[in-house]
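Peer 1: Sequence first, predicted coordinates after that:
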Amino acid sequence: MALELATIAATAVKFLSPFMPYLLDAAKSASEKLGEAIGEHGGEAVWEKAQTIWSKFTGRYGDDEEVNTAAKMVALKPTDENRQESLAEVLGERLKENPELAQEIFNLMGGQKGIQEVLAGENAFVQKIKQRMANSGGRQTVSGGKNSTIIDVDQQQ
């Protein structure tokens, strides 16, 4: 299967956007707002995956002014779809130059079959999570640690 580089880049940016302020600023990574963002967008496992994916891009393009500028714009307004599209366009162009990185990002994002997980750690409280998977056949799980509470989870394929 030929990888759709624009789709990989756009999917990665959608996934990374809520975390961009923290991925770009180490001082913010220790803030209480990061904890809120992690809670709102899927938990610690999702934050760790975001860090891994972003490190793949920065490991290759950390000195790329166009990538950095587009990423900073998303970090300033993570929900702005125009800014997300700009970053996705830049990353898509870079992935054309590096098909190995594109494959790696594709695999980290779940590969051909998507994975949706809601993971609540020990003593965690998770509420009102909605996840939608574009392709069918993926894995969807909900799990909680000791003394955790999970309410109102909606996973759809």
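Peer 2: The structure has been received and is ready for your questions.
Peer 1: Which residue of this structure lies farthest from its centroid?
Peer 2: N147 (27.1 Å; CA atoms, centre = their mean).
Peer 1: what's it in contact with, if anything?
Peer 2: By CB atoms under 8 Å, 6 or more residues apart in numbering, the contact set of N147 is E122, N123. All C-beta spots, glycine's among them, are computed from the backbone N, C-alpha and C.
Peer 1: secondary structure class for it?
Peer 2: At N147 the chain is in coil, as set by DSSP: H, G, I helix; E, B strand; the rest coil.
Peer 1: now do the one 3 residues further on
Peer 2: Classification of I150 into helix, strand or coil gives strand, according to three-state DSSP.
Peer 1: Surely it and V126 touch.
Peer 2: Yes: I150 lies in contact with V126 (CB atoms under 8 Å); the separation is 4.8 Å.
Peer 1: Looking at the two, which is more packed in?
Peer 2: Comparing I150 with V126 by other CB atoms under 10 Å, the one with more neighbours is V126, at 20 against 16.
Peer 1: in what helix or strand does the more buried one lie?
Peer 2: Under the criterion of DSSP states H and E, V126 resides in strand 125-132.
Peer 1: Next one, pLDDT for the closest residue to G144 other than its chain neighbours please.
Peer 2: Leaving aside its sequence neighbours, G144 sits nearest to A120 (CB to CB, 6 or more residues apart in numbering; 4.0 Å). Per-residue pLDDT puts A120 at 77.
Peer 1: Against N82, how distant is A120?
Peer 2: For A120, the distance to N82 (CB to CB, to the nearest Å) stands at 34 Å.
Peer 1: Compare the two and say which one has the larger neighbour count.
Peer 2: The neighbour count for A120 versus N82, taken as other CB under 10 Å, is higher for A120 (22 against 9).
Peer 1: I129 versus the more buried one, what's the distance?
Peer 2: For A120, the distance to I129 - CB to CB - is 10 Å.
Peer 1: Quick check: buried residues in stretch 120-131?
Peer 2: Buried positions in stretch 120-131, judged by neighbour count with 16 or more other CB atoms under 10 Å: A120, A124, V126, I129, Q131.
Peer 1: Actually, stretch 96-109.
Peer 2: Per 16+ other CB under 10 Å, stretch 96-109 contains these buried residues: L101, A102, E104, I105, F106, L108, M109.
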